[in-house]
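Undergrad: Sequence plus predicted model, see below.
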Amino acid sequence: MLDKKLHLAAFVSAGPVSGSHAGWRHPEADGDLLSAAYYQNIGRLLEQGRFDLLFIADILAIPDTLGGSLDSQLRYGALGALRLDPLVVLSIIAGATKHLGLGATISTTYAQPYVLARALATLDHLSGGRAAWNIVTSFQEAEARNFGLTEQLSREGRYERADEFLEVVTKLWNSWEDGALVRDRETPLFADPARVHRIDHSGKWFNVRGPLNVSRPPQGRPVFIQAGASDRGRDFAARWAEIIFVTPGLIDVAVEFRNDLRARAVRFGRDPDTIKVLPGIVPVIGDTEKQAKAQHDQLHELSHPESGLSTLSYHLGVDLSRFPQDQVLPEDLNVPGVEGHYREVSELTRRSGLSLAELGQRYGAGRTTSGFAGTPGTVADRMQEWFEAGACDGFMLQVPYLPGGLGELVHGLVPELQRRGLFRTEYDGSTLRDLLGLPRPAG
Ligand SMILES: Cc1cc2nc3c(=O)[nH]c(=O)nc-3n(C[C@H](O)[C@H](O)[C@H](O)COP(=O)(O)O)c2cc1C
């Protein structure tokens, strides 16, 4: 048994699909995803389960990769059919919770560093040090078209801009020294001018004078989350990220990925224990194996093959309607989108021989990583196996339907992990950095 504990994050999208394309159609999916109460309820449930973090995924366009049309996304309520703004949703959740980390996805390709630094510093202050940022570079042509571009930046260009973006926001968060906000009524001294500095950043992508007009956030800066899968993406993650999401499919692939990321972090002069690798899984839990199997089958049934294929097309940046649906996914595709997702579905295709239509249904029903369906005991066995093998530092749990599916995690799986000493029973700190055991960066 290891001394250290698992970290648990929940992947939620402020839209119809969080863990499964069947999610919004599930009979136990409850509540109005356009209401504040829906998200506050999710936040409170996760806090009952002592989760580290709620993380909201995001994209900046409704995908039209499948057949060049919005139809499949909108009709079947697929992953990108509707997305509320994560920062607004997280602000609402912040007011209903006390401990839960709050992760917003924001793209370095389409945001401006000053606006982002200010918004996340605000969330970190208002939540008492619970803000995290999922740093994405975006990979969809449709997103470029919403920002005045006719095509996306290249992957290299996106990561180059992202590196400079991170340098600028880090300088902005440090532009107020700790303690610069004095608020002495007598002197009077609201803020000490000697401890607030311009940053005078001048670079290839950004010119920003600063300082920020918000004082240094409680955590120094928000926790950085990343999900780079390509070689360039892994280097970016190793340089900056503190939580890394990954969808490895198989345990040995996960071990190799984590070892690679830790070795790269050392090359960037970092302590590898300051990065937490969290594979995304969709646990399907029942009181008995039979019930879990029935639940699993129901998710498949409710997940229209075209909705999963539509999302897979968007993830890969490849129009999969161009290929025969009764044949397997072609090998050696040129994938402008997420290489990690291509690796994951290619592996599954090799293992199972699924046709493209079947793959679409499987992809839509949930993640393709198998073995996480069963009773709380069998799912906990599998999670323990991954953790003890060094495949991960915790998990990013995707819930098949909300908020009902969270009950199975919070009241079934979490107590089982706690009984095994694998997960906290009480919150043990006030900021997200405390929960994750991460240092507060010096200013
Ligand atoms: C679990 C997971 C969640 C992700 N969430 C988002 C997201 O919400 N928005 C987004 O634009 N990209 C998201 N991505 C994509 C990554 O940020 C990244 O762009 C992608 O993995 C491609 O990286 P690469 O260019 O290094 O291959 C996610 C990736 C993974 C694996």
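TA: Received it, and whenever you're ready, just let me know what you need.
Undergrad: and the chain, which residues reach the ligand?
TA: 57-59, 105, 136-139, 155, 227-230, 233, 245-247, 280, 338-340 (Cβ under 6 Å from any ligand atom). Where C-beta positions appear, they are placed from N, C-alpha and C, glycine not excepted.
Undergrad: Show me these that map onto strands.
TA: With strands taken from DSSP state E, the overlap with the residues of the chain next to the ligand comprises A57, T105, V136, F245, V246, G280.
Undergrad: ok, back up a step: buried members of the residues of the chain next to the ligand into ChimeraX, please.
TA: Those of the residues of the chain next to the ligand that count as buried under 16 or more other Cβ atoms under 10 Å are selected in ChimeraX with:
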select :57,58,59,105,136,137,138,139,155,227,228,229,233,245,246,247,280,338,339,340
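Undergrad: residues of stretch 102-122 that come out buried?
TA: 102-111, 113-114, 116-121.
Undergrad: now swap in stretch 290-302 and tell me
TA: For stretch 290-302, by 16+ other Cβ under 10 Å, it's A292, Q295, H296, Q298, L299, H300, L302.
Undergrad: From those residues, pick the one nearest the ligand.
TA: Set against the ligand, the nearest of these by Cβ to the nearest ligand atom is L299 (18.4 Å).
Undergrad: Helix, strand, or coil at the closest one?
TA: helix (DSSP: H, G, I helix; E, B strand; the rest coil).
Undergrad: What of L359?
TA: Going by three-state DSSP: L359 is helix.
Undergrad: again with D428
TA: coil.
Undergrad: burial count for it?
TA: When counting by other Cβ atoms under 10 Å, one arrives at 12 neighbours for D428.
Undergrad: My guess is it contacts G437. True?
TA: No - between D428 and G437 there is no contact under Cβ atoms under 8 Å: 9.4 Å.
Undergrad: Without its sequence neighbours, what residue ends up closest to the residue in the stretch 51-200 of the chain positioned nearest to the ligand?
TA: In the stretch 51-200 of the chain, the residue that lies nearest the ligand is A57 (3.1 Å; Cβ to the nearest ligand atom). In space, A57 comes closest to S13 once its chain neighbours are excluded; the distance is 4.7 Å by Cβ to Cβ, 6 or more residues apart in numbering.
Undergrad: I'd assumed L54 was in contact with that neighbour.
TA: No - judged on Cβ under 8 Å, S13 makes no contact with L54 at a distance of 11.2 Å.
Undergrad: count of neighbours near the residue nearest to A57?
TA: Around S13 there are 25 residues (other Cβ under 10 Å).
Undergrad: Need the per-residue pLDDT for it.
TA: Looking at S13, its pLDDT stands at 93.
Undergrad: now swap in T369 and tell me
TA: 59.
Undergrad: thinking again about what came up before, for the buried residues of stretch 290-302, please prepare TSV with the additional fields pLDDT.
TA: Listed next are the buried residues of stretch 290-302 as TSV, based on pLDDT from 0 to 100:
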residue	pLDDT
A292	90
Q295	88
H296	87
Q298	90
L299	89
H300	88
L302	91
